[in-house]
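Q: Pasted the sequence and its predicted model underneath.
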Amino acid sequence: MDERTQTAQPKAAGQAATDLLFQPYKLGPFNLPHRAAMAPLTRSRAQQPGNVPGPLAACYYAQRASAALIVSEATQVSMQGQGYAWTPGIHSREQVEGWRRVTEAVHEAGGLIFNQLWHVGRISHPALQPDQMLPVAPSAITPQGQAFIENERGEGQLVPFVRPRALQTEEMPYIVGQYQRAAKNAQTANFDGVEIHGANGYLIDQFINSKTNQRTDLYGGPVENRARLLFEIAEALSPIWGPDRVGVRLSPLGAFNDVGDDDPETTFGYIAEKLSDYKFAYLHIVNPALPAMQAGQEPDARALRMVDLIRKKYRGTLMIAGGFDRDSAEDWLKKGRADLIAFGRKFLANPDLPQRLRSRAPLNADDPTTYYGGGAKGYTDYPTLAQDRGEQPKACVDGRWR
Ligand SMILES: Cc1cc2nc3c(=O)[nH]c(=O)nc-3n(C[C@H](O)[C@H](O)[C@H](O)COP(=O)(O)O)c2cc1C
């Protein structure tokens, strides 16, 4: 060993030991060993018929159990809440059983997993709805873009969105009830907690953003009304799980799925402040600086101001996802912008991501052609460092998970 490697090695190890990313974190009742979480990732591989998470999903999540916390892929709370072919639900007995095998596998591997509860609202299509009904939304405004459905030949197909039906005020308790039942089902499935999916232009976000909400009842108009659905769901889920096992995901400044807000600072500032009162496990935001950081640019000033605003208004654990690598994650933690960093695509492609980050090992590149649908390829076959060194992959779909 020459002099350079002798000095370099202890330095690298010493650095990981002091990096905030690798410091433990107390998250409600959980002692997280570090601060690199796995972001929710839709993978569209639920078993058919019935949108049931199968043994491969158990394998996939167990492989990633070294995350500080796994947030599961978005999971529809009801048939009405589904917006894409082959995504899993948590409203039928078979789905709950399927998820139970997933959580068991994750727990056996030493991990923690929250279930992301999802209602897509207008980001759906009659082909995915019970009785081919229209998707529901705050207002009857057709989104730009296409829905992903299964055609008569059993293949995935993109089709234009349709004009959704505006929910009646009287239906709102029924929507909250869907989340309530799903949250109870998530308990039966032995999840460690739930994350309310209030981000990315789905139903809750459609209510929050002024562009998609033109209602004149108690759920439209001022932000107090537009955020009402989110808070009603928060109220309903808190006693089921206990607040410290509930998280909320938001995407301030987000435009995905054709949403937008006239005054996002006021809207998301209000929501972040009010959410603090619930003493939830965490608030999880999609990084508003994601587009810039992804392009390798400096985050734009408005995005950073939004992150600072949320940090100031939200008095609790803040998790951020979007565009992070090891160095930017560490930088943001050091600057106090967040307490936890969630990694999406890097976790998708690197089952042992925390270990790779800690040792500054190279990362597998993610393959976008296998994000959605299919089987093991691009799902459970990304190699670990141990496999890179020649170890055989662990047999993961065994008799118990089948
Ligand atoms: C394939 C894929 C599926 C995703 N599915 C979800 C999802 O189910 N729920 C969600 O809130 N975000 C979802 N996202 C967004 C991610 O959670 C994350 O915010 C985004 O990938 C940015 O983080 P990254 O740069 O670390 O990948 C998805 C992203 C990708 C690439």
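A: Thanks, I have the structure now.

Q: my guess is Pro55 meets Arg101, correct?
A: Yes. Counting by Cβ atoms under 8 Å, Pro55 does reach Arg101; the two are 7.0 Å apart. C-beta coordinates here come from the backbone N, C-alpha and C atoms, glycine included.

Q: For my notes, confirm Glu73 occurs in a strand.
A: Yes. When DSSP: H, G, I helix; E, B strand; the rest coil is applied, Glu73 is found to be in a strand.

Q: Any stretches of the stretch 301-402 of the chain with poor pLDDT?
A: In the predicted model of the stretch 301-402 of the chain, residues 397-402 satisfy pLDDT under 70.

Q: Kindly report the residues of it close to the ligand.
A: Taking Cβ under 6 Å from any ligand atom as the criterion, the neighbours of the ligand within the stretch 301-402 of the chain are 321-324, 343-346, 371.

Q: now the residues you listed as TSV including neighbour count?
A: Shown next, in TSV, are these (neighbours: other Cβ atoms under 10 Å):
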residue	neighbour count
Ala321	25
Gly322	22
Gly323	21
Phe324	26
Phe343	26
Gly344	19
Arg345	18
Lys346	21
Tyr371	16
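
Q: Max pairwise distance over these: which two?
A: Phe324 and Tyr371 (18.5 Å; Cβ to Cβ).

Q: Within the helices and strands, which one has Asn213?
A: Using DSSP states H and E, Asn213 sits within no helix or strand.

Q: Identify the residues contacting it.
A: Asn213 makes contacts with 138-139, 206-207, 219-220, 226, as judged by Cβ atoms under 8 Å, 6 or more residues apart in numbering.

Q: By neighbours, which of the residues you listed wins?
A: Gln206 (28 neighbours; other Cβ atoms under 10 Å).

Q: Against the ligand, how distant is that residue?
A: In this view, Gln206 and the ligand are 14 Å apart by Cβ to the nearest ligand atom, to the nearest Å.

Q: From the contact counts, what lies against the helix or strand hosting that residue?
A: Secondary structure from DSSP H and E places Gln206 in helix 203-208. Contact analysis of helix 203-208 by 3 or more Cβ pairs under 8 Å, 6 or more residues apart in numbering; DSSP states H and E lists strand 136-137, strand 193-198, helix 223-226, helix 228-241 as its packing neighbours.

Q: cutoff 6 Å now
A: helix 228-241 (3 or more Cβ pairs under 6 Å, 6 or more residues apart in numbering; DSSP states H and E).

Q: Around the ligand, pick out the residues from this protein.
A: For the chain, the contact set with the ligand under Cβ under 6 Å from any ligand atom comprises 39-42, 73-74, 116, 197, 199-200, 249, 286, 290, 321-324, 343-346, 371.

Q: Among those, which ones are in strands?
A: Among the residues of the chain next to the ligand, the residues falling in strands (DSSP state E) are 73-74, 116, 197, 249, 286, 321, 343.

Q: Out of those, who's the most crowded?
A: Counting neighbours by other Cβ under 10 Å, the top entry in these is His197, with 30 neighbours.

Q: Mind pulling up the pLDDT for it?
A: Note for His197: predicted pLDDT of 98.

Q: ditto for the one 4 residues further on
A: If you check Gly201, the pLDDT there is 98.

Q: Can you name the residues that contact the residue of the chain found nearest the ligand?
A: The chain approaches the ligand most closely through Gly344 (2.7 Å), counting by Cβ to the nearest ligand atom. Each residue near Gly344 by Cβ atoms under 6 Å, 6 or more residues apart in numbering is listed here: 39, 41, 321.

Q: quick one: Asp258 and Gln129, what's the gap?
A: Counting by Cβ to Cβ, to the nearest Å, the gap from Asp258 to Gln129 is 19 Å.
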